[in-house]
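Student: after the sequence you'll find the predicted model.
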Amino acid sequence: MNAELYPQFQLSTLHSELKDMAIVENIQFIEKEIEGKGVILVAVSKTKPVEMLMEAYNAGFKRFGENYVQELVDKYEQMPKDIEWHFIGHLQSNKVKYLAPFVSLIHSVDSLKLLQEINKQAAKQHRVIDCLLQIYIAEEDTKSGMTEEECLEILKSETLEKLPNIRIVGLMGMTTLTEDEDQIRKEFKKLKDFFQSLTINQPPHSSLTTLSMGMSGDYAIAIEEGSTMIRVGSKIFGGRIYQK
C-alpha cells in the first residue's frame, strides 16, 4: 500500500504502534516502582482486546486480572496457556464452573457458600484453587465483601476442613471511591491491621500471605500501607507513556 495515497493508514498504524509501546513501557514503569518491595502486579485487562494483552505478553508479562467470567473464558481460549489468570470481579456461584479449569487466583470470595462451590468445581478438575477473602472496608454501598467478623467465622469454621480443593491465601479489599487520600489510607490501614492480626495467629487450613489492595489511582498509598498485590488497569492499558 502506498502511504502517500493513504495518509490516514500511515497515521493509524503509527498510533497503534505508539499505543503498543505505551502498554509495555507502562508495565515496566510500574514494575520498576515496586521493585524490591515484595509487591506483585496484576494487569487488569477487562474490556481490553486480546491484541492489547498480547503486547504485554510478548514483552514477557503473563499475569492478568479480569472482572467478567465470559470475557475471561473467551480470552483464555484465545491466548497462550502459560498465563496466570486472576478473577477480580463479583463472582456468582453458578459461574464458578467456567473458571475452575484454569483460574490461578480468585480475589473476590465473599461467602462460605461461594468457597464451597469453588471447592466442588475445583475437585472436578482435580485442582486446588487459591482464593482471597474480600473484606468490606469502604464507606459506600457500591462495594461488596464480608465483614471482619464474617471472615473470622469462616476461617474458624469446621466446614473449612472439608474443603480440600481450595486454599485461602489472603485478603482483598477496595476503598471508597474518593479523592480524599486520608480516607483511602485509613481504609487500607484498617485492612492491613486485620490481615496482620490473622497472620500472627494463623488460622488452621489457611496460608495467609497475600494482601490484595490498590488500583491505578491509589496503589502507591496501598503499598505504603502494606499491600503485597496491586491491581492496575488504566495506568497500563490507558495508553500513557510515563516520563521519568
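Tutor: Looks like it came in fine. It should be emphasised that the depicted structure is a prediction, and the values quoted were computed from it without experimental measurement.
Student: that's a helix at Leu208, yeah?
Tutor: No: judged by DSSP: H, G, I helix; E, B strand; the rest coil, Leu208 forms no part of a helix; its state is strand.
Student: I'd guessed it sits against Leu198; true?
Tutor: Yes: between Leu208 and Leu198 there is a contact under C-beta atoms under 8 Å: 5.4 Å. Glycine gets a C-beta too; all of them are placed from N, C-alpha and C.
Student: overlap in contacts of these two?
Tutor: When contacts are counted by C-beta atoms under 8 Å, 6 or more residues apart in numbering, Leu208 and Leu198 are jointly contacted by Leu171.
Student: pull the helix or strand with minimum mean pLDDT from the chain.
Tutor: Lowest on mean pLDDT, DSSP states H and E among the helices and strands of the chain sits helix 7-34, with a mean of 67.
Student: next structured bit after that helix?
Tutor: Using DSSP states H and E, the helix or strand that follows helix 7-34 towards the C-terminus is strand 40-44.
Student: from the chain's centroid, how far away is that next one?
Tutor: Here the centre of strand 40-44 is set off from its chain's centre by 6 Å, with C-alpha atoms, centre = their mean, to the nearest Å.
Student: what helix or strand is Leu132 on?
Tutor: Using DSSP H and E, Leu132 maps to strand 129-136.
Student: what does that strand contact?
Tutor: 100, 103-110, 115, 118-119, 122, 143-148, 151, 154-155, 165-174, 191, 194, 210, 212.
Student: separate out the buried members of those residues.
Tutor: For these, a neighbour count by 16 or more other C-beta atoms under 10 Å gives the buried set as 100, 103-110, 115, 118-119, 122, 143, 145-146, 148, 151, 154-155, 165-174, 191, 194, 210, 212.
Student: of these, which belong to helices?
Tutor: Among these, DSSP state H puts 115, 118-119, 122, 148, 151, 154-155, 191, 194 in helices.
Student: doesn't Lys75 lie inside a strand?
Tutor: No: counting by three-state DSSP, Lys75 is located in no strand; its state is helix.
Student: what about the closest residue to it other than its chain neighbours, how many neighbours?
Tutor: Leaving aside its chain neighbours, Lys75 sits nearest to Val50 (6.0 Å; criterion: C-beta to C-beta, 6 or more residues apart in numbering). Residues contacting Val50 under the criterion other C-beta atoms under 10 Å number 14.
Student: hmm, Val50 is touching Glu77, no?
Tutor: No: counting by C-beta under 8 Å, Val50 does not reach Glu77; the two are 9.9 Å apart.
Student: which SSE is the closest residue to Val73 other than its chain neighbours in?
Tutor: Excluding the flanking residues, the one nearest Val73 by C-beta to C-beta, 6+ apart is Tyr98, at 5.2 Å. For Tyr98, the host element (DSSP H and E) is helix 96-99.
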